[in-house]
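J.: The sequence and its predicted three-dimensional model are supplied below.
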Amino acid sequence: MRLTVPAIAAAFVMTGWVGAHAAEVAPGDVQIEDMAVEASLTGTPGNPEEGAKTFANRSLGNCLACHAVEALAKEQFHGNVAPPLDGVADRWSQAELRAIVVDAKKVFSDESMMPGFYSLDVGKNVREDLVGKTILTAQQVEDVVAFLTTLKE
Amino acid sequence: MKRYSLMAGAAFCLAVTGMAIWTAAADPVDETLEIDGVPMTTRAPAPEGHPFDEVLSGWLFREAETRATQEDTFENPGMIAVEEGAEIWNTVEGSAGKSCASCHDDAAVSMKDVGAHYPKWDADSGKPLNVELRIDKCRVENMGAEAYKFDQPEQKALTAFIKHQSLGTPVELDLSEGDMQTWWDRGKETYYTRTGQLNMACATCHEGAMGHYIRADHLSQGQVNGFPTYRFNTGGLVSLHNRFRGCIRDTRAEFPAAFSDELMALEVYVTWRGTGLSVETPAVRQ
């Protein structure tokens, strides 16, 4: 049997042999197929509370810059550049949400305004200290996806 | 040139998800601006080849209080810098023992409407000059003084003073002079090029998402007709190249030097995008 990335990751988790980090899928290796990324990027289940924080944090997801969401009504200033995310888990599966967060341009269109949060397909003249880095870490993506999957109506 | 169409993206997601139609109403206000009783053109038909039908002043996108502050020059804190500019105009500096006024006399006459037509082609250097660089040219060549450092308070004040002599005058560039058209082309290229880790171009925000709120900010067309502008949050004038650099920095990119060829080309192009709008210097912003 050929071991798939999630299988390996799951094995690591089960045996507690190595930390999640070693099993992380590198940004260039994430497979977006049919607008979805089936496998977890880390093998460690996302934490929705952490995800909500990453979602709101201006230097991390800053998703509120563009999206409004009722679940975070206590946070000030929700943007309206993009559709509100209320009920987004009714519209998209977990694997699709993961693909959207990883690289929205590969899901919607190259013209999408939404940054690729786990992609190295970026703009020109990236700030020197950020070259080769993604906006979010693999685990932060998993956390944000876990938060998104709670957004049901 | 492809337009950044947010709506295309949204329509696509409607199609695939059947989600409810979301409207993002955040139109610019339907009001008119008079400064000390002088009417300003804040909406103008766009020049040919422009992505919009109408060009809109940034004033239309600001909060009521901010808008009101700009209507009355006594209320406008930016006018303090303009007055400082008037003093510098009359101050002798440099080895030639001259002030600006020694040669140009009364700025209300000699500089009237001048700022509305900058950047202008400069045959000597074979480049466009903006008002800041034109001031430097006179300081160096005609006064025996040093060029200002970028964003030195005197540079901002004198630039605002000269631009203010065009208050109300519609912006219009002469692209037929020298190689202005080539610089315009280059500026346009920059305007549509995505930069930084966030992978966004000027057009992503000021064209595709114009009129929407990005977090607390109501996105305008990114017009330059009010520069240097007074900003409450920094309590002083903000120069245009400072604003350009700030917007580029926000995409998490390295940003070019002020007055570099890249930003001068961008200034030529973005100024053209505001053709027909009144000069509002010093405009007031949060």
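T.: Done, it's in.
J.: From now on I want contacts and neighbour counts done on CA atoms only, so please keep to that.
T.: Will do.
J.: Low-confidence ranges, chain A, go.
T.: Counting by pLDDT under 70, chain A shows low-confidence ranges at A:1-22.
J.: For it, which segments count as helices?
T.: A:5-15, A:48-56, A:88-91, A:94-107, A:138-148 (DSSP state H).
J.: which strands and helices sit next to the second one?
T.: Spelled out, it's helix A:48-56. Secondary-structure packing of helix A:48-56 (3 or more Cα pairs under 8 Å, 6 or more residues apart in numbering or on different chains; DSSP states H and E): helix A:138-148.
J.: tell me the angle of the helix it packs on relative to helix A:48-56?
T.: Orientation check (axes from the mean of the first three to the mean of the last three Cα atoms, to 10 degrees): helix A:138-148 against helix A:48-56 gives 100 degrees.
J.: and helix A:138-148, anywhere near chain B?
T.: No. Helix A:138-148 is not in contact with chain B by Cα under 8 Å from any Cα of the partner chain; minimum separation 15.6 Å.
J.: Chain neighbours aside, what residue packs nearest to B:I248?
T.: B:F255 (6.0 Å; Cα to Cα, 6 or more residues apart in numbering or on different chains).
J.: need the contact list for the one you found.
T.: If you count contacts by Cα atoms under 8 Å, 6 or more residues apart in numbering or on different chains, B:F255 has them with A:125, B:245, B:248-249.
J.: Buried deepest among the helices of chain A, which one?
T.: helix A:138-148 (a mean of 25; mean count of other Cα atoms under 10 Å in any protein chain shown).
J.: Contacts for that one next, please.
T.: Contacts of helix A:138-148 (Cα under 8 Å, 6+ apart): A:24-25, A:40-42, A:44-52, A:54-55, A:88-89, A:94, A:97-98, A:101-102, A:117-118.
J.: chain center to it: distance?
T.: 5 Å (Cα atoms, centre = their mean, to the nearest Å).
J.: Quickly note the distance from B:T195 to B:T229.
T.: 25 Å (Cα to Cα, to the nearest Å).
J.: Distance-wise, check the residue nearest to B:I248 relative to A:K124.
T.: 10 Å.
J.: what's the answer for B:G208, then?
T.: 19 Å.
J.: Please say which of the two ends up with more neighbours.
T.: For B:G208 versus A:K124, neighbours defined as other Cα atoms under 10 Å in any protein chain shown are more numerous around B:G208 (23 against 19).
J.: Any chance of the backbone angles for the more buried one?
T.: phi -60, psi -40 (degrees, to the nearest 10).
J.: separation between it and B:L158?
T.: From B:G208 to B:L158 the distance is 35 Å (Cα to Cα).
J.: Equivalent analysis for B:L129, please.
T.: Distance check for B:L129 against B:L158: by Cα to Cα, it reads 15 Å.
J.: Contact residues of chain A facing chain B?
T.: A:64-66, A:77-84, A:91-92, A:108-109, A:111-113, A:115-116, A:122-128, A:130, A:134-135.
J.: Which among those residues count as buried?
T.: For the residues of chain A next to chain B, a burial check counting by 16 or more other Cα atoms under 10 Å in any protein chain shown picks out A:64-66, A:77-84, A:91-92, A:108, A:111-113, A:115-116, A:122-127, A:134-135.
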